[in-house]
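Peer 1: quick one, fold the following:
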Amino acid sequence: MSITLTPAAHARVSQFVSRQPGALGLRFGVKRTGCSGWGYVTEMVTQAGNDDTVFEQDGVRVYVDAASLPLVDGTAIDFAKQGLGEVFVFDNPNAKAECGCGESFTTDAEKA
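Peer 2: Got it, this is the predicted structure:
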């Protein structure tokens, strides 16, 4: 099981953590939303959950809850400019389809 950060994402998360007192790392997971079913959630972690799996890459920690882990396992997180803004971009091998607006995804298990 793994979650990886590109150099751009690593730098951005490291910057976020250093600017927020008490931050431990990045929470990465999913919630039910959108047209296809699952939307990504990212936020700073100030307290680890009992069911979190923690992935550490060069001193930066990514926390994933047990319910989200099967849906995001193997994801590479990037940070990129899109238009006038900057966003996290997810390369998730478990996502088999996305909605037209790109806000949510589904997996093969859900399509069955």
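
Peer 1: touching, R27 and A48? I think so.
Peer 2: No - with contact defined as C-beta atoms under 8 Å, R27 does not count as touching A48 (9.2 Å). No exception for glycine: its C-beta is placed from N, CA and C like everyone else's.

Peer 1: residues shared between the contacts of those two?
Peer 2: Shared contacts of R27 and A48 (C-beta atoms under 8 Å, 6 or more residues apart in numbering): Y63.

Peer 1: any idea what the nearest residue in space to D91 that is not next to it in sequence is bridged to?
Peer 2: In space, and not counting its chain neighbours, D91 is closest to A76: 4.3 Å by C-beta to C-beta, 6 or more residues apart in numbering. Bridge pairing for A76 (DSSP bridges) gives the partners T4, D91.

Peer 1: related to what we said a few turns ago, so R27 and A48 - more neighbours on which side?
Peer 2: Set R27 next to A48 and count neighbours by other C-beta atoms under 10 Å: R27 wins out with 20 against 14.
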